[in-house]
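[1] Need coordinates for the below:
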Amino acid sequence: MIDSLDEYRKMLEELCMLFIQALDDLKAKGMISEAEYIEHTETKRRFLENIN
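    Next comes the predicted model:
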């Protein structure tokens, strides 16, 4: 069982980074547009900036 807020933050940080990597790949392959990329990464990047 996860017992601390820091552990949740670390898990969310890792999840955000993995999600951004997946979006990077999709964008590089032309499967999503620049607008879609920005829409889906903006909140995750802001979260990562705020926790560090």
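
[2] what's the longest helix in this protein?
    The longest helix of the chain (DSSP state H) is helix 5-28.

[3] Near residue 39, how many residues? Count them for me, please.
    12 (other Cβ atoms under 10 Å). (Each C-beta comes from the backbone N, C-alpha and C, glycine too.)

[4] can you pull the buried residues of stretch 27-45?
    27, 32, 37, 40-41, 44 (16 or more other Cβ atoms under 10 Å).

[5] CA atoms of it as PDB?
    Extracted C-alpha coordinates of stretch 27-45, given in PDB (Å, rounded to 0.1, in the frame of the first residue of the first chain):
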ATOM      1  CA  LYS A  27       3.900  13.600 -33.100                       C
ATOM      2  CA  ALA A  28       7.200  12.400 -34.700                       C
ATOM      3  CA  LYS A  29       5.300   9.800 -36.700                       C
ATOM      4  CA  GLY A  30       2.700  12.400 -37.800                       C
ATOM      5  CA  MET A  31      -0.100  10.700 -36.000                       C
ATOM      6  CA  ILE A  32      -1.100  13.800 -34.100                       C
ATOM      7  CA  SER A  33      -0.900  17.500 -35.000                       C
ATOM      8  CA  GLU A  34       1.100  20.100 -33.200                       C
ATOM      9  CA  ALA A  35      -2.200  21.500 -31.700                       C
ATOM     10  CA  GLU A  36      -3.100  18.100 -30.300                       C
ATOM     11  CA  TYR A  37       0.400  17.600 -29.000                       C
ATOM     12  CA  ILE A  38       0.300  21.000 -27.200                       C
ATOM     13  CA  GLU A  39      -3.200  20.300 -25.900                       C
ATOM     14  CA  HIS A  40      -2.200  17.000 -24.300                       C
ATOM     15  CA  THR A  41       1.200  17.900 -23.000                       C
ATOM     16  CA  GLU A  42       0.600  21.400 -21.600                       C
ATOM     17  CA  THR A  43      -1.000  20.300 -18.300                       C
ATOM     18  CA  LYS A  44       1.500  17.500 -17.800                       C
ATOM     19  CA  ARG A  45       4.500  19.800 -18.300                       C
END
